[in-house]
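**Student:** Attaching a predicted model along with its sequence, questions to come.
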Amino acid sequence: MATPSLTLVPAAARAQSFRASLSTTPGIMQASILVVALVAAALWLTAHASIGVARNSVQTIGKDAVPSIIAAQQVRANLADMDANAANGFFSRGTREARAAYEADRKAACDKLVTAAQNITYGNTERDPILALVDGVQVYVGMIDTARSLGYPKGLDTLRSASALMHERLLPASDALDNANFNPLNKEYEASKSAIPGSVVLVWAVGIVMLVILIAVQAFLALRMKRMLNIPMAAATVILILWLMATSNTIRSISHDLKVAKEDSFDSLDVLWKARSVAYDANGDESLYLLESGSRGSSEADAVRDSEASFRKKSAMIADSPLTPDVLAQAAASAPTFKGYLGDELRNITFPGEKEAALEALKTYAAYMAMDAHIRELETSGRHQEAVDFCTGTQEGQSNWGFAQFDKALQSVIDINQKAFEDAVAHASRGLNWLPYGAVIVPILMLTLAWLGLIPRLREYTF
């Protein structure tokens with residue numbers, strides 16, 4: 001008969017001895033400490049992963065994508081207003097103010113481009129449009145300088161070419177810079193809506209396993225050693241429950257903050273900045289319409305029609321139907337019937353004072369559109385200089401005054417949503433400040449308290 005291997009006999013004996021030790025009270029307590037240590041490690045890993053998911057979403061939405069998108073939209077608005085003021089600078093009245101505004105827009109756009117270049121997150125998808133904008137702005141400024149040197153009406157063709165450059169290269173490049181961050185923003189936000197709650201569930205799952213172990217060990221001690229309460233183990237149980245509740249509540253709060261930042265604040269900021277940019281652009285078309293009408297050249301008739309059609313198209317992007325008293329009343333009753341950027345904003349009212357500010361923007365835009373109609377009425381009736389004076393006038397009731405009122409009202413709505421966005425991101429960031437410490441301290445505390453609760457009992461079996 002074959003003799004058992006000499007190496008297998010001790011191994012089998014050790015295994016048998018180990019199994020036997022686990023059936024004893026000291027063995028069970030020692031195994032409990034080991035299991036608590038393993039589950040504590042798992043608890044730290046799941047909590048760390050959950051915090052990482054939340055932190056990545058806050059970073060992408062609150063600090064990378066949205067600020068870059070807003071910067072790109074500000075650049076677009078500055079460029080559109082720059083183009084409008086370049087046209088306004090050719091009128092005989094208001095030239096100094098228009099050229100000062102043009103220069104302010106140029107400086108603001110260049111400054112924001114420098115800032116954007118310092119905050120590149122998504123590689124060439126951001127870098128390429130920034131380079132195109134930097135190069136294109138220089139060419140555009142040179143063309144405007146040439147148009148000014150030729151004067152009106154000789155410089156009108158060059159002004160048109162500069163405006164074409166603005167619309168064919170510069171504004172599309174700013175849109176590309178916007179989209180470079182917009183796509184990652186949407187992707188991250190959609191992912192966060194399932195990833196953050198899922199990570200909380202995982203933390204709770206491991207936490208419940210730890211709770212079951214802690215309660216089971218205390219029940220075991222009560223049965224075997226006739227001690228109804230093990231204070232360290234009980235403390236570990238209470239601390240774990242409180243930490244699980246605090247952690248899950250904080251992460252859920254962060255998820256809510258992200259919703260406020262993205263859906264409530266940013267979605268409004270997005271349409272409001274687009275409304276401002278398009279309004280500036282349409283205002284430039286209004287000026288080109290008068291410049292082309294006033295030059296009376298043989299090639300101006302088509303250009304006049306093109307400028308008017310462009311104005312109508314851009315105005316429809318802001319509000320696609322006439323803003324009659326009935327339409328304004330329906331909007332005030334929280335039932336806007338029109339589409340466009342202002343309609344989108346009125347359907348996304350969230351914050352105190354936002355509805356009133358949005359309605360004021362709508363009201364002042366309706367007043368500006370009525371002023372634009374008066375400009376065209378004066379022009380078509382042969383009263384060109386009156387049309388120009390009314391268009392460039394800054395006195396109450398004149399067009400530039402009316403546009404400034406709309407822009408001011410629009411800024412008020414932007415400010416409300418911008419503050420709400422910043423507050424939501426700041427609140428989410430504060431929540432993330434303490435979570436990493438708790439994720440480390442609590443698992444260590446679980447193991448320490450389990451050790452303190454079980455070691456004195458183990459010593460009772462030491463002779």
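**Tutor:** Perfect, I can see it now. Numbers count the residues shown, from 1 in each chain.

**Student:** Ser192 contacts Val58, correct?
**Tutor:** No: contact criterion C-beta atoms under 8 Å: Ser192 and Val58 do not qualify, at 9.0 Å. From N, CA and C alone the C-beta is placed, and that goes for glycine too.

**Student:** Need the residues touching each of those two.
**Tutor:** Here Ser192 and Val58 have Leu258 as joint contacts, going by C-beta atoms under 8 Å, 6 or more residues apart in numbering.

**Student:** Scan the chain for its longest helix.
**Tutor:** The longest helix of the chain (DSSP state H) is helix 399-459.

**Student:** Just the helices from the stretch 1-150 of the chain, written as ranges.
**Tutor:** If DSSP state H, counting those that start in this stretch is used as the criterion, the helices of the stretch 1-150 of the chain fall at 8-22, 25-58, 66-88, 95-117, 124-150.

**Student:** Now do the closest residue in space to Ala332 that isn't next to it in sequence against Ser315, distance only.
**Tutor:** With C-beta to C-beta, 6 or more residues apart in numbering as the criterion, Ala332 has its nearest non-adjacent residue at 5.7 Å, and that residue is Leu359. Taking C-beta to C-beta, to the nearest Å as the measure, Leu359 falls 19 Å from Ser315.

**Student:** Ok, Asp285 next?
**Tutor:** 9 Å.

**Student:** So for the two, which residue has more residues nearby?
**Tutor:** Asp285 (23 against 20; other C-beta atoms under 10 Å).

**Student:** dump the residue contacts of Ala41.
**Tutor:** Applying C-beta under 8 Å, 6+ apart, the residues near Ala41 are Pro443.

**Student:** I misspoke; the intended subject was Pro67.
**Tutor:** By C-beta under 8 Å, 6+ apart, the neighbours of Pro67 are Asn119.

**Student:** Need the pLDDT of it.
**Tutor:** Reported pLDDT at Pro67 in the predicted model: 88.

**Student:** so how far is the helix or strand where Met245 lies from its chain's centroid?
**Tutor:** Using DSSP states H and E, Met245 sits in helix 231-259. From the chain centre to the centre of helix 231-259 is a distance of 27 Å (C-alpha atoms, centre = their mean, to the nearest Å).

**Student:** How about stretch 367-381?
**Tutor:** Computed by C-alpha atoms, centre = their mean, the chain-centroid distance of stretch 367-381 equals 38 Å.

**Student:** Now it: buried residues?
**Tutor:** Residues Ala367, Tyr368, Met369, Met371, Asp372, His374, Ile375, Arg376, Leu378, Glu379 are the ones in stretch 367-381 that count as buried (16 or more other C-beta atoms under 10 Å).

**Student:** Would you quantify the distance from the closest residue to Arg106 other than its chain neighbours to Arg99?
**Tutor:** Of all residues not flanking Arg106 in the chain, Met82 sits nearest, at 5.8 Å (C-beta to C-beta, 6+ apart). Counting by C-beta to C-beta, the gap from Met82 to Arg99 is 11 Å.

**Student:** Neighbour count: these two, which is higher?
**Tutor:** The neighbour count for Met82 versus Arg99, taken as other C-beta under 10 Å, is higher for Met82 (26 against 17).

**Student:** what about the stretch 301-450 of the chain, any weak spots by pLDDT?
**Tutor:** Across the stretch 301-450 of the chain, the ranges flagged by pLDDT under 70 are 301-303.

**Student:** hmm, try it at 80
**Tutor:** 301-305 (pLDDT under 80).

**Student:** Please compute how far stretch 169-189 lies from its chain's middle.
**Tutor:** With C-alpha atoms, centre = their mean, you get 12 Å for stretch 169-189.

**Student:** Contacts for that stretch next, please.
**Tutor:** Taking C-beta under 8 Å, 6+ apart as the rule, stretch 169-189 contacts 56-57, 60-61, 64-66, 68-69, 72-73, 75-76, 79-80, 116, 121-122, 125-126, 128-130, 132-133, 136-137, 140, 258, 262, 266, 281.

**Student:** All the helices of the stretch 201-350 of the chain, residue numbers only.
**Tutor:** Assigned by DSSP H, counting those that start in this stretch, the stretch 201-350 of the chain shows helices spanning 231-259, 267-295, 300-318, 325-332, 341-346.

**Student:** Quick check: Val66 touching Ser268?
**Tutor:** No: Val66 is not in contact with Ser268 according to C-beta under 8 Å; the separation is 11.9 Å.

**Student:** How about Leu288: what's its closest non-neighbour residue?
**Tutor:** Leu288's closest residue in space is Ser307 (C-beta to C-beta, 6+ apart), at 4.5 Å.

**Student:** quick one: the closest residue in space to Lys274 that isn't next to it in sequence from Glu377, how far?
**Tutor:** Leaving aside its chain neighbours, Lys274 sits nearest to Tyr341 (5.4 Å; criterion: C-beta to C-beta, 6+ apart). Tyr341 sits at a distance of 26 Å from Glu377 (criterion: C-beta to C-beta).

**Student:** Repeat that for Asp157.
**Tutor:** 28 Å.

**Student:** do the same with Leu362
**Tutor:** 23 Å.

**Student:** likewise Leu342?
**Tutor:** Distance of Leu342 to Glu377, given as C-beta to C-beta: 24 Å.

**Student:** hang on, the earlier thing: residues touching the residue nearest to Arg106, list them.
**Tutor:** By C-beta under 8 Å, 6+ apart, the residues touching Met82 are Tyr102, Asp105, Arg106, Ala109, Met166.

**Student:** pretty sure the second one contacts Gln74?
**Tutor:** No: counting by C-beta under 8 Å, Asp105 sits too far from Gln74 to count as a contact (10.5 Å).
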